[in-house]
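>>> the sequence isn't on hand, but the structure is:
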C-alpha cells in the first residue's frame, strides 16, 4: 500500500506533538482544521454547529494525542473523534428539542386550564 508524503508528514508531526513540541501541534491544526470542519458539516449539515464540534474535537485530540500508539492511525483517529463529537451534538439537539416541546406542552395545558377556569 502506497503512502502519501502528506500522511508521512502528519505522522512525523504527531510524533513531535507526543514529544511536547507546540509548533508541531500548530502545524497539524492548520493542516487538519479545514478538513475536520468539512467533515463535521457533512455529518450534521449545520454551519453553526460545526465550529463547536470541531473545537470539542481538537480538545479531545490534544488531550489524547500522547495515547495514540501508532501515528499512522492519526487520520482515522481524528475522524473517529469528530464523528463521536458530531453524534454527541446531534443527541444534545434532539434532547433540547424534546425538552422544549415538553415545556411548551405544559405551558399550553396550564393556559388552557386557566382559560377553562375563567382566570
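Everything's here; your move. All figures in this text were calculated on a predicted structure; none of them were measured in a lab.
>>> and the next element down the chain from the strand or helix carrying residue 30?
Per DSSP states H and E, residue 30 falls inside helix 22-44. Sequence-wise, the next helix or strand downstream of helix 22-44 (DSSP H and E) is helix 47-64.
>>> list the buried ones in that following helix?
Buried residues in helix 47-64, counted by 16 or more other C-beta atoms under 10 Å: 49-50, 53-54, 56-58, 61. Where C-beta positions appear, they are placed from N, C-alpha and C, glycine not excepted.
>>> quick one, it and helix 22-44 angle?
140 degrees (axes from the mean of the first three to the mean of the last three C-alpha atoms, to 10 degrees).
>>> what residues does helix 47-64 touch?
Helix 47-64 is touched from outside by 25, 29, 33, 36-37, 40-41, 44, 78, 81-82, 85-86, 88-89, 93, with contacts defined as C-beta atoms under 8 Å, 6 or more residues apart in numbering.
>>> where in the protein is the helix or strand with the lowest mean pLDDT?
Sorting the helices and strands of the chain by mean pLDDT, DSSP states H and E puts helix 74-117 at the bottom, at a mean of 80.
>>> so who does the closest residue to residue 14 other than its chain neighbours touch?
Distances taken as C-beta to C-beta, 6 or more residues apart in numbering place residue 71 nearest to residue 14, at 3.9 Å, with adjacent residues excluded. Counting by C-beta under 8 Å, 6+ apart, residue 71 touches 10-12, 14-15, 18.
>>> and for residue 25, the neighbour number?
Neighbour count of residue 25, defined by other C-beta atoms under 10 Å: 18.
>>> pick out whichever of the buried residues of helix 47-64 sits closest to residue 4.
Closest to residue 4 out of the buried residues of helix 47-64 is residue 61 (20.5 Å), distances taken as C-beta to C-beta.
>>> and that closest one, how far from residue 114?
Per C-beta to C-beta, to the nearest Å, residue 61 is found 52 Å from residue 114.
>>> show me which of the contacts of residue 71 are buried.
10-11, 14.
>>> quick check: the closest residue to residue 23 other than its chain neighbours vs residue 82, distance?
Spatial nearest neighbour of residue 23, excluding adjacent residues (C-beta to C-beta, 6+ apart): residue 16 at 7.8 Å. Separation of residue 16 from residue 82 (C-beta to C-beta) stands at 22 Å.
>>> brilliant, that's me finished.
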